[in-house]
Structures are given as structure tokens and as C-alpha cells.
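A.B. asks: Let's see this in three dimensions:
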Amino acid sequence: MHRFLISAAHKSSGKTTVSIGLAAALSSGRHGLPPHSVQPFKKGPDYIDPLWLSVAAGRPCYNLDFFLSPDEELKAQFARHGHDAEVCLVEGNKGLYDGLDLQGSNSNAALARLLDLPVVLVLDARGMTRGIAPLILGYQAFDPKIRIAGVILNRLGGRRHEAKLRAVIEHYTDVPVIGAVQEDPVLALVERHLGLMPVNETAEAERHIAAIGERIAAQVDLPRLLDLSRSEWDLVPPPAMPPSREQPVRIAVARDAAFGFYYADDLEALAAAGAQTVYFNTLTDAKLPPCDGLLIGGGFPECFLDQLEANAPLRQDIRRAIESGLPTYAECGGLMYLARSIEWKGKQAAMVGAIPGDIQMHPKPVGRGYVILDANASHPWRDQGAGPGQQPSLHAHEFHYSSITDLPSDTRYAYTMRRGHGIDGRHDGILLHRLLASYTHLRATSGCDWPAKFVQHVRSCLATDRGGAAGGGGGGALPALFHAKGTHPMFALTPPAAEQIVRAAADQPDPQPMLRVAAKLDEDDGELVYGMGFDEQRENDLVVDCGSVTILISPPSQPLLANTTLDFAEVQPGEFQFIFRGGCVSPEPKKGCGSCGGGCS
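C.D. replies: Next comes the predicted model:
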């Protein structure tokens, strides 16, 4: 088995390109070597580099992050995913000794010590000759416990430049030069404001990766690298996560060129919790697949404004589903997509509109780095058994160039920020219907098992809905409803209607409002006329428990309101009203009633 960490003296030295090339070259079975199974890892919070490394190696790349996981968990993650690989390649972030604190406790060097990994330094050698020797010697002397196994010289100016550097390093140091990579436009990776262009939206990605692998293999001594990184001890994986024995739920996941920021172990944790992930394309699909929950991760929706806006059928379907109570979780780019609009570079495009706010892009990051969050009491997945002050803080990260504006003053939030920016520097996690949308990116770790909590939340919503189909899409799936308790759904509320009633009842003395709903037939035209208002229970009332709201229906109205759903919906742009749907069943229907039950409103 071979294991090593690729690092550098500073960021933007080319270590990602070299790591991609090594993963592709070692796994290809060409260049005079048999194919090796290569397990890639990436240190720190990052979605984009792992996408490239996953394609290059043919195996999912996993992140190793000191801020999110304790040491023992990092060792377990490394062993779990690397035990059956012939090569474990870890790409570092920033420079070898760079870190958050003075001691470098979360640095690349600290990770190399923890996992007992030799280090291969990628050195950007532009403009350097004799000065490269004290650089290498200094990196060796700074921490003698770090074994610098070799260096790969990068961005060289020609063979003469390479020869000078090799001579200097061989004369002054004992560190072998295992590669010398010339400046080459083929090795360039397209950059974007959050880093590298994601491989999931680069059509030529596989050909590009293969070309990088060819160039790196021709300029790096692969057999020497394998010899220097050989390990005699095997990795012992921890016990596998037992699969969930509960009823599976279907989670629709947006995965396409616009949205692709998902950690591999998060998706695996969803599956272990009993989620069946169903992927859909926000750019081309006209509706959601049949689902019980919805997940929209991060990405670059601002770069696909025209395509996202043009796909109005899907945007409308997603909005209907969310407003009908579909349990939904959105992170960063997903939050942006669910807002009313996104404005970037002078162009504004309409988005889903489920969140009553507008996205504005900025030239510099608004929120960048690690965050610490406290889950508020209204958080739908928090540990309900934990009392005040007992809920552990969550460690996560954010990286966004956008902000959201024009949110209502009474917007509810799932999180209070202890570190980081989130929505406004104080809050994150917009709560609306059964939607939680945040700028924060969570990661499935021992301190934040969000996939299991989200899946359980979806199950709880299904139980509340008594098996009602919990999604739009799928060609006619019913909206999620709070049905009356009992076997006969006499009357139902959609979540938007329930939310509006609860808001209107804020000044009522009863914490659970009792709303009287009545209906009668107009004597002249036979149309149903509806009325409603807060009231007390009377004798012979039908009492319908709709979760957060209790509905009262007097005997004369009961036959007229059978199988009726009260909704709160947009009847025209910017105008919302309560609407009675279905019902209209009368024992002796009068002219114009239409006792078909077909959608009086």
C-alpha cells in the first residue's frame, strides 16, 4: 500500500493539477505501470477539487477537516475509505504549515503527522534558482517530525531552468526531486470566483483529465513516488454503518451543471439513514420526480440564469411542492435558486420564488470560511429532547459572493450565528413552510449528523400527512396536507394556510387557534359561499384536528365542506388569498353547485 500527502509552500502552487494528474496516471494502467486503485482525499472544506479528483481516480473523493471532525474521526474516515485502495492520495490546502492558529493544529503538517503520511512538496519554481535550497531546508527544519519524501518542481521555464534547480537541490539537500513539470497551457484548469471550474459542468473534463495525466506521468517518476510512499501497515476500517430498518423515503436531489456541491459521505449517510436519492436536472427536467423530500445543494446558479429562468415549469412545480409542505433542505446555491430572483452582472432573472427575497451578487465574498451555529427552538431537525443550552453548537462552513435582500421583517430562522455571516451576520437558515434554506454548508460528522435528522424529519412529515404524497411533480402527486385525525379526511389545510391562520391568531388567548369554517348555498345562483373566523367550540360541532390549527364545522356546513381543502395561494402576482378547493358536495345540489367535488374557489 502507498500513502502520501501532496502539499506546497503556498496556495496556487499547482498542487491540485499535480494531484489530478497523479490520480489519473496511477489509475490508468499506462505509463509502464499496472493500474492502481487510487483513493483520493482532500483536506479542508472544498467541493470543487474533490469533483476533479473523483473523476481522475474513478472513486469518490472524501474530505478530511480538523474543524469539523476530531482526530479519531479523521483517522476512522481515512481508514474506512482507504483500506481497500492500493494508493491513498491526500491533497492538502494552502501551504504545508498554514493553519488557523499559532500552533498549526489544523495544518497540512498536522494531518500528515496524524495519519503518518510522507509529504510530497509541489514547488512553484518560477523565478527561482539557488533560493530553492533554503526554502526546502527550512521546511525540513521547521518540524523534524514531518517527513518530506520528495519535491515536484512546477511551472518551470525550460530544461535549462530544470537542470539548475536539480543541481542546487541535490547539492544542498537530501530531498529527492521526483518530478519537474514545465509550464504548459494544457495543464491549466479554468478558474471561477469560488475556485476551479466544477468538473460537473465541463463537457471536456474527462479528456482534459486524461491529458493532464499524460503530461504529469511524462514528467514525474511514478515508480520512485510509489517507492517513497510505501507503507508496511494496513488500514483497519471501523465497523460499517448499519443500514436503516425504517421505511425508506425518496429524496429528490438537484444534480446538474448548476448544482453539484455534495459531499460523498453526506450522500452515503443519507442512504444509510434510509433515503433513496432520485436525481433531477434543474436545467432540463419539467417537473420534480415523485418524492417525499427535496435537497438542493450548492453550485453556481448565477452562471445559468438564462437556462434556469427558461425552465419555468420546473420552477413552478418546485414552488407548488414547497408551498404544499414538501420537506426541503437547500444550501447556498440552492437558497439562491429558491429566491424570487438573482441579479448578476447587470442581469436579473426570475427563480423559483418560494423564498420572498432577492439575490444580489457581489464582487467580493460576503461569507467565507468556517462557521459556528446554534440551532434555534424552531429548527425542524434539532434534538427535541435537549433543553435550553444543551443543544451542541454546529461546526460548518460557508463561501458565498451573494446576499439576500427584501426578506420580510418576520422571517423565521433556524440558526443563530456564533461565527460567520450566514444571512445577515446574526442568523441563517430561512424557515418557511417545511423549507430550511441556509448559506451554511453542513457536513455529516459525529457532531452533525444532518442526513439522518433530515431523513427522520421527512418521515415525521409523512406520518403527519398520513401517507399523503409529499411532493409536486411526478405527474399529479397530491400536495402534502394536514389531514383530519380519523379515517375520513373531512377537511384539510395546506401548510401555507395553516401558517397564515397561526399568524393571524397571534393575539388569541388559546395557543392552538380554533377556526370556525362555514359554507352555504347562495339562494340565487346556487354557488357556495364560504366564511371563517376564530370562535369557541359549540355543541354538535365537528372538530377537525389539523395539527397547529383546530377547525370547527357546524352541522349545516358539514355536508357542504366534506372533502374540502383550505389553501393559501397566489391568485395573481403579489396577491395571495385563502382558497377553498374540492368539496361542493351537497345532498341535494342546487343549480350551479356542481356536486362533482370539482374545485370551487
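A.B. asks: And the next helix or strand past the helix or strand bottoming out on mean pLDDT in the chain?
C.D. replies: Using mean pLDDT, DSSP states H and E, strand 482-483 stands out as the lowest-scoring helix or strand of the chain, at a mean of 34. Using DSSP states H and E, the next helix or strand after strand 482-483 towards the C-terminus is strand 491-493.
A.B. asks: tell me what that following strand is packed against?
C.D. replies: strand 482-483, strand 542-546, strand 549-553, strand 564-572 (3 or more C-beta pairs under 8 Å, 6 or more residues apart in numbering; DSSP states H and E). C-betas here are computed from N, CA, C, even on glycine.
A.B. asks: Could you tell me the least trusted of those strands?
C.D. replies: For these, the weakest mean pLDDT is recorded on strand 482-483, namely a mean of 34.
A.B. asks: how near is the nearest residue to Glu170 once chain neighbours are set aside to Val458?
C.D. replies: Counting by C-beta to C-beta, 6 or more residues apart in numbering, Val177 is the residue found nearest to Glu170 once chain neighbours are left out, at 7.4 Å. Val177 sits 54 Å away from Val458, going by C-beta to C-beta, to the nearest Å.
A.B. asks: and those two? which has more neighbours close in?
C.D. replies: Taking neighbours as other C-beta atoms under 10 Å, Val177 and Val458 compare with Val458 leading, 28 against 20.
A.B. asks: That one - nearest residue in space that isn't next to it in sequence?
C.D. replies: Gly293 (3.9 Å).
A.B. asks: cool, Leu270 as well?
C.D. replies: Pro451 (4.4 Å).
A.B. asks: What's opposite the closest residue to Cys448 other than its chain neighbours in the beta bridge?
C.D. replies: Closest residue to Cys448 apart from its sequence neighbours, by C-beta to C-beta, 6+ apart: Leu394 at 5.1 Å. With DSSP bridges applied, Leu394 shows beta-bridge pairing to Leu373.
A.B. asks: which residues sit in contact with Leu394?
C.D. replies: 372-375, 415, 442, 447-448 (C-beta atoms under 8 Å, 6 or more residues apart in numbering).
A.B. asks: repeat that with 7 Å
C.D. replies: 373, 375, 448 (C-beta atoms under 7 Å, 6 or more residues apart in numbering).
A.B. asks: same deal with Arg426?
C.D. replies: 416-417 are the contacts of Arg426 under C-beta under 7 Å, 6+ apart.
A.B. asks: and with 6 Å instead?
C.D. replies: Arg426 makes contact with Met417 under the criterion C-beta atoms under 6 Å, 6 or more residues apart in numbering.
A.B. asks: cool, the one 3 residues further on as well?
C.D. replies: Contacts for Gly429 (C-beta under 6 Å, 6+ apart) come out as 413-415, 436, 438.
A.B. asks: going on from the helix or strand hosting it, what's the next piece of helix or strand?
C.D. replies: Gly429 belongs to strand 427-432 when assigned by DSSP H and E. Once the chain leaves strand 427-432, the next helix or strand it forms, by DSSP H and E, is strand 435-438.
A.B. asks: got the buried residues for the helix or strand that comes right after that following strand?
C.D. replies: Downstream of strand 435-438, the next assigned helix or strand under DSSP H and E is helix 450-464. Neighbour counts over helix 450-464 (16 or more other C-beta atoms under 10 Å) mark 450-459, 461-462, 464 as buried.
A.B. asks: which SSE is Arg250 in?
C.D. replies: With DSSP H and E as the criterion, Arg250 is inside strand 249-254.
A.B. asks: Are there helices or strands packed against the helix or strand that comes right after that strand, and which ones?
C.D. replies: Once strand 249-254 ends, the next helix or strand along the chain (criterion: DSSP H and E) is strand 259-261. Judged by 3 or more C-beta pairs under 6 Å, 6 or more residues apart in numbering; DSSP states H and E, the packing partners of strand 259-261 are strand 298-299.
A.B. asks: Give me the distance between the strand it packs on and the centre of its chain.
C.D. replies: Relative to the chain's own centre, strand 298-299 is displaced by 7 Å; criterion: C-alpha atoms, centre = their mean, to the nearest Å.
A.B. asks: Describe which strands that strand pairs with in its sheet and in which direction.
C.D. replies: strand 259-261 (antiparallel).
A.B. asks: Now the element after the partner strand, going C-ward?
C.D. replies: helix 264-272.
A.B. asks: what about that next one, average pLDDT?
C.D. replies: Averaging pLDDT residue by residue across helix 264-272 gives 94.
A.B. asks: That one vs helix 450-464, what angle?
C.D. replies: Comparing the axes of helix 264-272 and helix 450-464 via axes from the mean of the first three to the mean of the last three C-alpha atoms, to 10 degrees yields an angle of 30 degrees.
A.B. asks: what's the angle between helix 264-272 and strand 249-254?
C.D. replies: Using the same axes, to 10 degrees: helix 264-272 against strand 249-254 is 150 degrees.
A.B. asks: From Gly82, how far out is the residue nearest to Leu270?
C.D. replies: 22 Å.
A.B. asks: for His171, same thing?
C.D. replies: 37 Å.
A.B. asks: And for the nearest residue to Asp256 once chain neighbours are set aside, the neighbour number?
C.D. replies: Distance criterion C-beta to C-beta, 6+ apart; nearest residue to Asp256, sequence neighbours excluded, is Asn281 at 4.3 Å. Burial of Asn281 is recorded as 14 neighbouring residues (other C-beta under 10 Å).
A.B. asks: And the pLDDT at Asn281?
C.D. replies: pLDDT, read off for Asn281, is 94.
A.B. asks: Check the spacing between it and Ala257 real quick.
C.D. replies: Taken as C-beta to C-beta, the span from Asn281 to Ala257 is 8 Å.
A.B. asks: next one: Ala518
C.D. replies: Ala518 is 52 Å from Ala257, by C-beta to C-beta.
A.B. asks: ok so, going back, restricting the selection to alpha carbons, write the strand holding Gly429 to CSV.
C.D. replies: Output of strand 427-432 as CSV, limited to C-alpha atoms (Å, rounded to 0.1, in the frame of the first residue of the first chain):
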residue,chain,number,x,y,z
HIS,A,427,-28.9,34.5,11.5
ASP,A,428,-29.0,31.7,9.0
GLY,A,429,-31.5,29.1,7.9
ILE,A,430,-34.6,30.6,6.5
LEU,A,431,-37.7,28.7,7.7
LEU,A,432,-40.8,28.7,5.6
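A.B. asks: Tell me which strands that strand pairs with, and in which orientation.
C.D. replies: strand 412-419 (antiparallel), strand 435-438 (antiparallel).
A.B. asks: Next, format these as TSV and append mean neighbour count.
C.D. replies: As requested, those are arranged in TSV below (neighbours: other C-beta atoms under 10 Å):
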stretch	mean neighbour count
strand 412-419	19
strand 435-438	26
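A.B. asks: With mean pLDDT and distance to Ile404 added, can I get those strands in JSON lines?
C.D. replies: Output for the strands paired with strand 427-432, formatted as JSON lines (pLDDT from 0 to 100; distance: least, C-beta to C-beta, whole Å):
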{"stretch": "strand 412-419", "mean pLDDT": "96", "distance to Ile404": "12"}
{"stretch": "strand 435-438", "mean pLDDT": "97", "distance to Ile404": "9"}
